[in-house]
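> got a sequence here, can you model it:
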Amino acid sequence: MNVNLSMPVLVVDDYNTMIRIIRNLLKQLGFEDIDDATDGSAALEKMRSKKYGLVISDWNMEPMTGFDLLKEVRADPNLAKMPFIMVTAESKTENVIAAKKAGVSNYIVKPFNAATLKTKIEAVFA
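Numbers count the residues shown, from 1 in each chain. From the prediction side, this is the model:
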């Protein structure tokens, strides 16, 4: 994997179990610096105080969805270039199109495993 494994990664999900799962998969892949946030606004705060190399966010969260978070990130000149992977349980085409239009770097449909995550992360940094 030609990805910088020492870069900080931010996992955003309102479901603690999912954060744990993604954190464990990232560790399996060799990432060590993994932070998490349970909603979009908390994630934005963290992104504004620390430079992340990658954000992996769930789509369905309250009150700020992953899609809203993505739009905020892309609208912020300091964060706009940040690699952003969206995770969702739905593979609805309109969601994928909306996320692509909003500037998502990649898209993962649940459930997924370490191999899928690795492929998606590699594609972002290819």
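> let me see the ranges of the strands in the protein.
Assigned by DSSP state E, the chain shows strands spanning 9-12, 34-37, 54-58, 84-88, 106-109.
> in CSV: those strands, plus mean neighbour count and distance to residue 96.
(Each C-beta comes from the backbone N, C-alpha and C, glycine too.) Shown next, in CSV, are those (neighbours: other CB atoms under 10 Å; distance: least, CB to CB, whole Å):
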stretch, mean neighbour count, distance to residue 96
strand 9-12, 25, 19
strand 34-37, 19, 23
strand 54-58, 26, 15
strand 84-88, 24, 9
strand 106-109, 18, 6
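> for those, which one sits closest to residue 94?
strand 84-88 (11.8 Å; CB to CB).
> okay, residue 58: pLDDT?
Looking at residue 58, its pLDDT is 96.
> my read: it touches residue 16, true?
No: when contacts are counted by CB atoms under 8 Å, residue 58 is not listed as touching residue 16 (11.5 Å).
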